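Trainee: Mind folding the following:
(2 chains)
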Amino acid sequence: NAGVTQTPKFRILKIGQSMTLQCTQDMNHNYMYWYRQDPGMGLKLIYYSVGAGITDKGEVPNGYNVSRSTTEDFPLRLELAAPSQTSVYFCASSFRSGGISGELFFGEGSRLTVL
Amino acid sequence: ILNVEQSPQSLHVQEGDSTNFTCSFPSSNFYALHWYRWETAKSPEALFVMTLNGDEKKKGRISATLNTKEGYSYLYIKGSQPEDSATYLCASLTGKLIFGQGTTLQVKP
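Mentor: Okay, the predicted model is just below:
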């Protein structure tokens, strides 16, 4: 099993450009998450999904969009990149049953710089 | 408490010292408390998922306790080793899984 795979690992964007961070998991997990890591701030939840076709906002959703058309894939889209979106992005997945989330499995992270 | 808060923010100890950190979280609508270990240039890895008040979990020299009524969890490391150097994150599940800002531990040989 590959686990959680994120692409690209690194990307530099110009202000106003758009891009999609890809995330795929092969563990048949129902829950998937996107977090961003800013220095000294831990992980902030951007969006999450409880299953195919269902997504919800996290703590910092502005400037991002997501979709979940399949169980495996959970892409994160930045429509108009801004310098404030310079960060390291982590995708994660978990199996959640009875309202209790099992441990999260993280991808390797995607470092995005907006200049 | 409205957010997940961890203390201290950073900690420097000598090899062999035992140490502990605190995670405070909202006690209402609580489902679970997660602890993760995050080494530099790697991804976070799960240590514990705790759900019941009074839960105690142990993995080697690392253990954790949970008090859901007052909204806190402690992580203990016995006899710290240089390889324990990492950032330790807790996350509270109350609908969404929200992380604290982490405690960064540096163990000096």
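Trainee: what's near enough to touch the closest residue to B:D84 other than its chain neighbours?
Mentor: Nearest non-adjacent residue to B:D84, counting by C-beta to C-beta, 6 or more residues apart in numbering or on different chains: B:V107, 5.2 Å away. Using the backbone N, CA and C atoms, a C-beta is placed for each residue, glycine as well. Neighbour list for B:V107: B:V13, B:Q14, B:E15, B:D17, B:S80, B:Q81, B:P82, B:E83, B:D84, B:S85 [criterion: C-beta atoms under 8 Å, 6 or more residues apart in numbering or on different chains].
Trainee: List the buried residues of whatever helix or strand the first one lives in.
Mentor: Put plainly, it is B:V13. For B:V13, the host element (DSSP states H and E) is strand B:10-14. The neighbour-count check on strand B:10-14 (16 or more other C-beta atoms under 10 Å in any protein chain shown) flags B:L11, B:V13 as buried.
Trainee: Going C-terminal from it, what's the next secondary structure element?
Mentor: Taking DSSP H and E, what comes next after strand B:10-14 is strand B:19-24.
Trainee: picking up where we left off before, quick one: the residue nearest to B:D84 from A:S110, how far?
Mentor: Going from B:V107 to A:S110 by C-beta to C-beta, to the nearest Å gives 30 Å.
Trainee: Show me where chain B has its strands.
Mentor: Ranges of strands within chain B are B:5-7, B:10-14, B:19-24, B:32-38, B:45-50, B:56-59, B:62-67, B:72-77, B:86-94, B:96-99, B:103-108, based on DSSP state E.
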